[in-house]
Each structure stands twice: as structure tokens, then as C-alpha cells.
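coords please:
(2 chains)
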Amino acid sequence: MWKYTDKVIDHFLHPRNVGEIENPDGTGEVGSLACGDMLRLTFKLDKQKKHIEDAKFKTFGCASAIASSSALTEMIKGMTIKQAENITNKDIAKFLGGLPEQKMHCSVMGREALEAAIKNYRGEEDEKHELEGNIICKCFGVTDKEIERVAKENNLTTIEQITDYTKAGGGCQLCHEEIKHILDKVQGKTTEQPDYKDTTEWTNLKIMHQVEKLMNNRIRPALKYDSGDLELVDVDHHTVYIRLKGACATCPHSDMTVSRFIEKELQKEILPDIKVKEVKE
Amino acid sequence: MNTIYVDNNATTEVLPEVVEAMTPFFGKLYGNPSSMHSFGGQVGKHIDSARENIANFLGASRPSEIVFTGCGTESDNTAIRSALITQPDKRHIVTTAVEHPAVLELCKHLQDKEGYNVTFLGVNKDGNLDLEELKSSLRDETAIVSIMWANNETGVIFPMQEIAEICAGKNIPFHTDAVQTAGKLSIDVDKTPITYLAISGHKVNAPKGVGALYIRRGTKFSPLLIGGHHEQGRRAGTLNVPSIIGLSKACELAQKYMNEEFGKVKKLRNQLESGILEKIPNSFVNGDKENRLPNTANISFQGIEGEAILLMLNEYGVCASSGSACSSGSLEPSHVLRAMKVPFSRAHGSIRFSLSRFNTENEVRLIIEKMQGIVKRLRELSPVS
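All right, here's what the predicted structure looks like:
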């Protein structure tokens, strides 16, 4: 069992500021269903547009994700944007009396949502999936900039710590070498630049987001027109698993729906080598 | 607050009868069963009858087919490593994608670090294997097939008789992790041609830190732990006498109550499951509903996260488990649910309730009632619709 502080348990069992602000001044959404945590933060400024008057959150995640979100909203209320901007994940963890090491990524998620919401307020519409820097961890979509920042802010020295704080390196582990490089750089051990992969590379996370978007905006409405539907089951590298529902599930031409419509759309819009596989009920 | 314990696939209560049977061996009967004097020898006699008891429990014809180990994991590791060491020219292993980590992680290690070829058989959406796939995966160089009897997360039972016969037909050693099966289903290695079978004490109301491995007579064997001549050279290390006595007593009791486990526990489990499914929208059972351990219910609650559910259940004294990433300390949800292609929106929100004959209808009612409020609260918090 995790060792949570009383304050974490309090904010988990009695979360403050749950919900969504209507017509907010800023909205930030980070994380994803696939990763197991997701946070949507909204805030509103006062009449003078100086201080954050209200902030609300909705979170899908574990106890520490919910507590971190609740803590964040409490912390930023009454702050100016400038003050809010200076909040680090450490401040969130400190507010809660600390978090278990393996749960520090929850505090990082809070800081990221705040950052996204402030950007949104300033009109620097952060195209959510265009991340800053080079992707290092492809499983969780974490960039070198993010790893470097979290390492510096929290004085991290090991790969395990980076995984605890950012999730980077917690999946297939192929990026451990690169994380080590970044840590060495942060600690001033080396000046040599590692050979990063192409920045336009597709991460699982990015494919997941794009597939979800296309499914919801185009493919599912088209299927629903014929009383059908589908459910996104899994995305594994470039293979997308779906389950057909409604009329599609029993349709004798469902193979064609999958190969000629769904797969073609995904290949056209996302990646030419994407494959769609149907998971049968 | 009373504890409502529905996490029996994680560990079980050490029964008072078991504690009673063990107690003398912490006190006056402290002799070493391997000693040459009668003070140790009298303890040795108790070990002999414990071995006989456990052999009977598993349907083994000879007590010498039973080796005592430190845990289920050690039993699994011993079986697989023994098959590999005794057949050095065979470099292929067949297992499933849904094994307990004691087998799964070992096989991944053997693949990644020691150069073995491993076939991980997949399962369908109900968690069942395709036996044709098993058949076609077997090769001349297959050293061992290791397939669990029943899944610890979903309770899905694999067709052991058929699997064992397929392997026996090809003369390939077959190991089964029966840790979740012992005490819940009847095991008879006399009828089922299994080569190795692993059980663990603490899953059958014995203490933690003791396990056993059945090794069919005539099987080439190589020990995992090397040292003294204990267990006829098959497992070095002084015997954990009190725990072995406890395991024996627990197996005896498990045999006695097996039918009760099947009847009463299955009824309670079904009440819990149907109550939850009926009262909570968007909840789903994971795993084949028919072909399942009588005590296990694995239920997903769409759009919310398992650890949060567990901690709220904890507020009411209810002890259960989850297949969510967060509760395990890893970053990915249950490998079993992923292999079954359970969507992420459900995999992160799965809860395993594993009952025992000590649970009551009142407890089941309370869980159903509390779960409704918990799921409602967490769904209100969730941005996922």
C-alpha cells in the first residue's frame, strides 16, 4: 500500500473545486486514458483580470492524481498569472506534505495542466500534441525538455527517479540510454550532444490521440448514420484494435467497413502503414 | 470498523487449526529433521507425514514426488530452470501472455538475457486459450510448456487435462502454476499427465514463506538452490518445519471444505457480481463467466481508476485488488486484461474481488451498496464521459 500523507487522503476523499468553469479564461488538459491519468483544469480571472478568482478540475486517475489536482486548484486561487506560472511540481507535492516517489508524476501532471491552461489563456494555443523538444520516451510521449526541467527542479539523478516523476522510461525502457545522457548533461558530466531521433517521430501517445480524434469526429458519426458504432480497444505501435458495435457488429460486410473505410481513413489522415484489426465480441 | 476481506487470491487467513498444528515446532520440537539423532528424527517423522498428506492432496502416488520450497515463485522457477538445464540442446519455451509474474517475468528474462526462444500464447476476449495454437507452437526443441491452471486476476480456468495430454503426447515436460487452483478445484496428477506442479502455502490458509513443487517420478531434475543434501538433493536449505506442518494441515482442511468452497462461495460471488452489474451502469465482468474459479469476480468500471476505488473501499474496511497501473506501482494496466483486449477505459478501472468461505451475505450486500456510491463519486470527478 502506498504511504500517503493525511493531507493527500484528505484531498482525495474530500476534493476541493471539482467541476468545470463555464466560459473559463483558461483551460488545460493533459494526460490520456491510455496512460491511466488525465486532468482538465479550468480557471477564471477576476473583473480586473488580475487574479485567479476560481479554478476547477476534473481528474481521471488514482488517489494522488486527484489529490494533486485538488491541491493545485486551492493553491492558484487568488494568485496572479505570474505567480501561478512559478508553481513547480515540487510546490504541489509540498502542499500535500509530500508524495511517494513513484507518484511524483501526479504532481508533474498538475504543473503541466496549469502551464497548458495559462498558455491557453494567453492565446498561445498550445496544439496539445505538438510537444516542445524532442520525444525521448515514446511510450508516454515525454520530451527531453520536460525530462531536463523536471530533473533540474527536483534534483533527480537516476533513471528510476525520472520514471517516477515523468513516467519516461516506464514502458518499453528503450529510452534509458537517452535519459541517462540527459541526466549526465544536467549534472554537467558531459557536453556532447546525444544523437536524438527524428523529432517528427510518432509516439504511441500521439497516434492514440490522433486515432481517438478521427474516430470521434469522422468515423463513428459515419457508422452511426447506419445505426452502427465502434469502440477503440487498443493501439499497439501502428496497429489499431477496434470492436464494432450496433448494426456493424452483425453486418455481413463488416470486413469491408474495416478495411475499405476505417483503415483507409486512418492511413490517409494519420500514417500510411496503419493497420486496423477487429476484435470480435 | 470490521474488515471485510475479499482479497483471497492475494493471500488468505492462516486458520487457527493450522496455527495450532504448527505451534509445537516453534517450541519443544525444534530439532532439525536432517539430523542423525532421534531428537531431530522425531521431527523428520512429522515432515514425512506432511509430505504424504500433500501428495494425497495433489493425487500424487508417491510422497517422494513432493519437494518443499520457500514459495510459489520458487516452485515455478525451479520447474522451468530444471527442464532447461536437463535438456541443454532445447532452447524453446511455450507459455502464455497471462501468467503470474513468477512465470511470465522469468520467461521474459530467459528470452532477453539468456537467449531462449519463448512463445507467449495469447488469449481471446474471455481469457481463453486456443489449443490449436498451443499444438502448432510445439517444436522438437521445446524444452518445457508452462501454463497456469487458473488465472489469478480473472479466475479463468484453462483446460488442464487437454493441455497436459497435448504435451504428454509430444513428450514435452509440462509445468503448471496451480497456486490459485489448490484448495479451489480438485487436483489429481495421477489422472492429469502433468510433469511439474507448483503450489503456495499462503493461498490455501497456510503461512507465507512455504510452497511445494510436485515433480513426476522419472523426470530428469536439476535443483535451483544448491547446497546441502536436503530434499534428496532437490532443494538445498534447512526445512522450514513449522510452515511445512502448517501447509500439510491447511491442505487437509482445504480438501475437507472444497465442496463448500464451490457451493457457498460461488453463490456469494454470483450475488456480488450480479448485484454490482445490476446497480452500477457501465460495469463489466472480465473473463469467461462460466469457466471460472468459484471465488473470483473481476469487474471493470468504465471511466474511473482502480486505485481510487480501492482506497475508497478501504474507508469501509473492504479489502480488494485492482488491475490498474497505479495500484501495482507499474505504469501500465494489468497484462492479463491487456492480453484480453479490454479497452483502456475499462482496464484502468478493474477491481478483483476474491471471496472465501468466511464471507457472508451481509458483507456482499454492504460491498454492493458502498460500490454504488464510490463509482458515482469518482465518475463525477472524471473528465472521461
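
tell me how far A:F60 lies from A:R40.
Distance from A:F60 to A:R40, counting by CB to CB, to the nearest Å: 9 Å. Yep, even glycine has a C-beta here, placed from its N, CA and C like the rest.

what is in contact with these two at once?
B:P383 (CB atoms under 8 Å, 6 or more residues apart in numbering or on different chains).

and the two? Which one has more around it.
A:F60 (28 against 23; other CB atoms under 10 Å in any protein chain shown).

and A:A151, what element?
Using DSSP states H and E, A:A151 sits in helix A:144-154.

for whichever helix or strand comes after that helix, which positions count as buried?
Elements were assigned by DSSP H and E; along the chain past helix A:144-154, the next helix or strand is helix A:159-166. Buried residues in helix A:159-166, counting neighbours by 16 or more other CB atoms under 10 Å in any protein chain shown, are found at A:159, A:161-166.

try stretch A:16-26
For stretch A:16-26, the buried set under the neighbour-count rule, 16+ other CB under 10 Å, comprises A:16-18, A:21, A:24-26.

please apply the same query to stretch B:269-287.
Residues of stretch B:269-287 classed as buried: B:269, B:271-273, B:275-276, B:280, B:283, B:285-287 (neighbour count, 16+ other CB under 10 Å).

so which of the residues you listed are in helices?
Within those, membership in helices is found for B:269, B:271-273, B:275-276, as judged by DSSP state H.

and of those, the nearest to B:V123?
When these are ranked by distance to B:V123 (CB to CB), B:E273 comes first, at 20.4 Å.

and the closest one, what does it touch?
B:285, B:297, B:299.

now the ones in helices among the buried residues of stretch B:269-287 as JSON lines including pLDDT and distance to A:C35?
Compiled in JSON lines, these are given as follows (pLDDT from 0 to 100; distance: CB to CB, whole Å):
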{"residue": "B:R269", "pLDDT": "97", "distance to A:C35": "32"}
{"residue": "B:Q271", "pLDDT": "98", "distance to A:C35": "35"}
{"residue": "B:L272", "pLDDT": "98", "distance to A:C35": "30"}
{"residue": "B:E273", "pLDDT": "98", "distance to A:C35": "29"}
{"residue": "B:G275", "pLDDT": "98", "distance to A:C35": "32"}
{"residue": "B:I276", "pLDDT": "98", "distance to A:C35": "26"}
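
quick check, A:I66 in a helix?
Yes. Assignment of A:I66 by DSSP: H, G, I helix; E, B strand; the rest coil places it within a helix.

what about stretch A:20-27, start to end distance?
With CA to CA, to the nearest Å applied, stretch A:20-27 spans 9 Å between its terminal residues.

and for it, what's in contact with it?
A:40-45, A:49, A:54-56, A:58, A:116-118, A:120-121.

over to stretch A:84-104?
Counting by CB under 8 Å, 6+ apart, the neighbours of stretch A:84-104 from elsewhere in the structure are A:2-8, A:11, A:52, A:62, A:64, A:67-68, A:71-72, A:74-76, A:106-108, A:110-111, A:114-115, A:118, A:150, A:153-154, A:161, A:164-165, B:326, B:329.

try 7 Å this time
By CB atoms under 7 Å, 6 or more residues apart in numbering or on different chains, the residues outside stretch A:84-104 that reach it are A:2-3, A:5, A:7-8, A:11, A:52, A:64, A:67-68, A:71-72, A:75-76, A:106-108, A:110-111, A:114, A:118, A:150, A:153-154, A:164-165, B:329.

could you tell me the end-to-end distance of it?
End-to-end distance of stretch A:84-104 (CA to CA): 19 Å.

for stretch B:301-308, same thing?
Distance between the boundary residues of stretch B:301-308 (CA to CA) amounts to 12 Å.

so how far is it from its chain's centroid?
The chain centre lies 25 Å from the centre of stretch B:301-308; the measure is CA atoms, centre = their mean, to the nearest Å.

which one is residue 214 nearest to, not counting chain neighbours?
If you meant another chain, say so; for now it's chain A. In space, and not counting its chain neighbours, A:L214 is closest to A:E269: 5.6 Å by CB to CB, 6 or more residues apart in numbering or on different chains.

chain B, not that one
With CB to CB, 6+ apart as the measure, B:L197 is the residue that lies nearest to B:Y214, at 4.1 Å, once sequence neighbours are left out.

A:L244: which element?
Counting by DSSP H and E, the element that carries A:L244 is strand A:239-246.

identify each buried residue in that strand, please.
Counting neighbours by 16+ other CB under 10 Å, one finds that the buried residues in strand A:239-246 are A:240-245.

closest to chain B among the residues you listed?
The shortest approach to chain B among the buried residues of strand A:239-246 belongs to A:Y241, at 5.9 Å (CB to the nearest CB).

do me a favour and average the pLDDT over stretch B:377-385.
Confidence for stretch B:377-385, expressed as mean pLDDT, is 90.

what parts of the stretch 101-250 of chain B come near chain A?
If contacts are counted using CB under 7 Å from any CB of the partner chain, the residues of the stretch 101-250 of chain B sitting beside chain A are B:K125.

what does the stretch 101-250 of chain A have sitting close to chain B?
By the rule CB under 7 Å from any CB, the part of the stretch 101-250 of chain A lying against chain B is A:102, A:167, A:170-171, A:231-234, A:241.

from these, which two are the most distant?
Of all pairs drawn from these, the greatest distance, 30.8 Å, lies between A:Q102 and A:E231 (CB to CB).

ok, these two, which is more surrounded?
Neighbours of A:Q102 and A:E231, each counted by other CB under 10 Å, are more numerous for A:Q102; the result is 19 against 15.

got the contact list for A:G31?
Contacts of A:G31 (CB under 7 Å, 6+ apart): A:37-39, A:109.

list the residue ranges of chain B that fall below the pLDDT cut-off.
B:325-330, B:385 (pLDDT under 70).

can you pull out the strands in it?
Shown for chain B, the strands assigned by DSSP state E span residues B:4-5, B:66-69, B:92-96, B:117-121, B:142-146, B:174-177, B:196-200, B:211-215, B:283-285, B:296-301, B:318-319, B:321-322, B:350-354.

quick one, the last one and strand B:296-301 angle?
Spelled out, it's strand B:350-354. Angle of strand B:350-354 versus strand B:296-301, following axes from the mean of the first three to the mean of the last three CA atoms, to 10 degrees, is 160 degrees.

on contacts alone, who are the packing partners of strand B:350-354?
The contact analysis (3 or more CB pairs under 7 Å, 6 or more residues apart in numbering or on different chains; DSSP states H and E) places strand B:350-354 against strand B:296-301, helix B:306-314, strand B:321-322.

picking that back up, C-terminal to the strand holding A:L244, what's the next element?
For strand A:239-246, the following helix or strand on the C-terminal side (DSSP H and E) is helix A:247-250.

can you list the neighbours in contact with that following helix?
By CB under 7 Å, 6+ apart, the list of residues contacting helix A:247-250 reads A:223, A:226-230, A:254, A:257, A:281.

what are the boundaries of the helices in chain B?
Here chain B has its helices, by DSSP H, at B:16-22, B:38-58, B:72-86, B:101-114, B:131-137, B:160-169, B:230-233, B:241-260, B:266-279, B:306-314, B:325-328, B:335-339, B:344-347, B:361-381.

then the stretch 1-150 of chain A?
A:6-13, A:63-76, A:81-85, A:89-95, A:104-122, A:144-154 (DSSP state H, counting those that start in this stretch).
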